[in-house]
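> I would like the atomic coordinates for the input below:
(3 chains)
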Amino acid sequence: MLKDTVMTDLEKLIASEAIKNLKARYFRYVDTGADMEKRATLFAPDATIFFPEFHSNPKSRAEIADWASHTLAGSVTIHHGFTPEIEILSETTASAVWPMEDRIYWTGDRSPGQMTSLHGFGHYHETYEKIEGEWKIKTLMVTRLRVIHTYKDATRPAVVED
Amino acid sequence: MLKDTVMTDLEKLIASEAIKNLKARYFRYVDTGADMEKRATLFAPDATIFFPEFHSNPKSRAEIADWASHTLAGSVTIHHGFTPEIEILSETTASAVWPMEDRIYWTGDRSPGQMTSLHGFGHYHETYEKIEGEWKIKTLMVTRLRVIHTYKDATRPAVVED
Amino acid sequence: MLKDTVMTDLEKLIASEAIKNLKARYFRYVDTGADMEKRATLFAPDATIFFPEFHSNPKSRAEIADWASHTLAGSVTIHHGFTPEIEILSETTASAVWPMEDRIYWTGDRSPGQMTSLHGFGHYHETYEKIEGEWKIKTLMVTRLRVIHTYKDATRPAVVED
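Modelled structure (predicted):
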């Protein structure tokens, strides 16, 4: 049964703070190497994650876990989120744009295209769903302002994509 | 008629969140190349904007739009805002200090002094006014901790200003 | 006498906002060279501060003031805090994890080990106490994801610690 409710300003602030905390955990889990099961708790079961630099279409939670655990093995990653724009759409849905900067340093042989590092700037475009009282990431997509790829082959210059 | 009102903590939190959202839109509009009319909606009509690196005194909204549309044509810019100090002074006035980092990469010939890039750190010092229910930037000034200017002329070394 | 109270969501939001403001002042005081007495006002009198890169155990407020006023003399520093995870534990206690990036540029001879610069990434792990109505930093510890140390001796290469 549909309820016709209007969220108060306080309820929106509480939701917004919870989503900021969710995204902060996302960054910490990724950068401190939390296991994939722990990371999965941040996402809705049917979440889709889309990194257009690496994939031609959005991936499921399990597909991204497989990809990341292979691609990022042995790397050091640093992901930072800046002041976001969060919109609380209803008691259980929200969206946000997060400015971001990420750095990946590979020491092993798992990097795409033999990269030694990636340094990028852009935005996360995300939607959220509140499931059993907890906000979860429902969709995540990255757009880029600029990325610098550096390669192992010393004769191959760094590639900047603006 | 003057009302003698005291803002509640909740009202201050709502104002603070609105100002964070305003500044996040400022960064996104600048970095994604939003048109100058859209950017102007973030400012009070009589707003002043002061970049002491480039100008000797504060400029109006229209003057900055003219200057930026010329100077930044063909550039990629990345502006990031960190945890701010926001002070809600009344129901319609507020101030903030925002730590910031900015990067500008020029590909064309519009940069001041034939720069190829600028990478800076500092603070935005801002005041805000709530006009017809919407918070707007009233004054904006940048102070610097450090800026690195890089030039096209290969014989001219990068200049660091601390 | 112990009161058995439960904080409301609003009280937690107010505490969280106050702690964000406290940490923003910490960054600003450090990077704009505020005097040590002013910086001390951000900390509880019995606060401990632990930089494991430089010290083998946590230091007192006075010990850190002595160390920093010597080590950072003549340097330019830039400290940034990103989206934090803040947990309000009670009306007078809280904890947080703050992702951080710091840059120190030395021009004088005070740097540890003749460094010219340090560029690091990591997290502040902090606890807070509300004392006479004001939130203060009670404990501060930095963990690192990556640090790059650059040295004056041109034959000594930059050292990266992941």
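
> Residue A:120 in helix, strand or coil?
strand (DSSP: H, G, I helix; E, B strand; the rest coil).

> nope, residue A:155 is what I was after
Applying three-state DSSP: residue A:155 is coil.

> do the same with residue A:23
helix.

> mind listing what it touches?
By CB atoms under 8 Å, 6 or more residues apart in numbering or on different chains, residue A:23 lies in contact with A:81, A:84, A:96, A:98, A:124, A:126, C:83. Where C-beta positions appear, they are placed from N, C-alpha and C, glycine not excepted.

> can you check residue A:81 too?
Residue A:81 touches A:23, A:24, A:27, A:98, A:99, A:100, A:124, C:82, C:83, counting by CB under 8 Å, 6+ apart.

> Verify the contact between residue A:120 and residue A:102 for me.
Yes - using CB atoms under 8 Å, residue A:120 makes contact with residue A:102 at a distance of 5.1 Å.

> What segments of chain A are helices?
Counting by DSSP state H, the segments of chain A that form helices are A:9-31, A:36-40, A:61-71.

> avg pLDDT for the first one?
Okay, so that is helix A:9-31. Helix A:9-31 carries an average pLDDT of 97.

> Spell out which residues of chain A are next to chain C.
Within chain A, the positions adjacent to chain C are A:10, A:13-14, A:17, A:20-21, A:23-25, A:27-28, A:31-32, A:76-78, A:80-82, A:84, A:103, A:105, A:107 by CB under 8 Å from any CB of the partner chain.

> If any of those are buried, give me the PyMOL selection for them.
Burial among these is assessed by 16 or more other CB atoms under 10 Å in any protein chain shown; the matching PyMOL selection reads:
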select buried, chain A and resi 13+14+17+20+21+23+24+25+27+28+31+76+77+78+80+81+82+84+103+105
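
> For residue A:60, grab the count of nearby residues.
14 (other CB atoms under 10 Å in any protein chain shown).

> ok, now which ones touch the residue lying closest to it once chain neighbours are set aside?
The spatial neighbour of residue A:60 that comes closest, neighbours along the chain excluded (CB to CB, 6 or more residues apart in numbering or on different chains), is residue A:48 at 6.6 Å. By CB under 8 Å, 6+ apart, the contact set of residue A:48 is A:58, A:59, A:60, A:138, A:139, A:140.

> What's opposite residue A:48 in the beta bridge?
Taking DSSP bridges as the rule, residue A:48 bridges to residue A:60, residue A:139.

> Same check on residue A:86?
Assigned bridge partners for residue A:86, using DSSP bridges, are residue A:96.

> Just give me the closest of the contacts of residue A:81 to chain B.
residue A:99 (6.1 Å; CB to the nearest CB).

> Could you tell me how many residues sit around that closest one?
Count around residue A:99 with other CB under 10 Å applied: 23.

> Next: residue A:41.
Counted with other CB under 10 Å, residue A:41 comes out at 11.

> Over to residue A:34?
There are 15 residues near residue A:34, going by other CB under 10 Å.

> check contacts around it.
residue A:28.

> In contact with the residue lying closest to residue A:7 once chain neighbours are set aside, which residues?
In this structure, residue A:7 finds its nearest non-sequential neighbour in residue A:91, 6.1 Å apart by CB to CB, 6+ apart. Under the criterion of CB under 8 Å, 6+ apart, the contact partners of residue A:91 comprise A:5, A:7, A:11, A:15, A:130.

> Now which of these would you call buried?
With burial judged by 16+ other CB under 10 Å, the buried subset of the contacts of residue A:91 is A:15, A:130.

> Kindly present the contacts of residue A:91 as a markdown table, with separate columns for distance to residue A:111.
Listed next are those as a markdown table, based on distance: CB to CB, whole Å:
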| residue | distance to residue A:111 |
| --- | --- |
| A:5 | 48 |
| A:7 | 44 |
| A:11 | 44 |
| A:15 | 38 |
| A:130 | 36 |
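
> quick one: which of the contacts of residue A:91 is nearest to chain C?
residue A:11 (8.6 Å).

> From residue A:160, how far off is residue A:104?
16 Å (CB to CB, to the nearest Å).

> Among these two, which residue is more densely surrounded?
Ranked by neighbour count (other CB under 10 Å), residue A:104 and residue A:160 place residue A:104 first, with 20 against 12.
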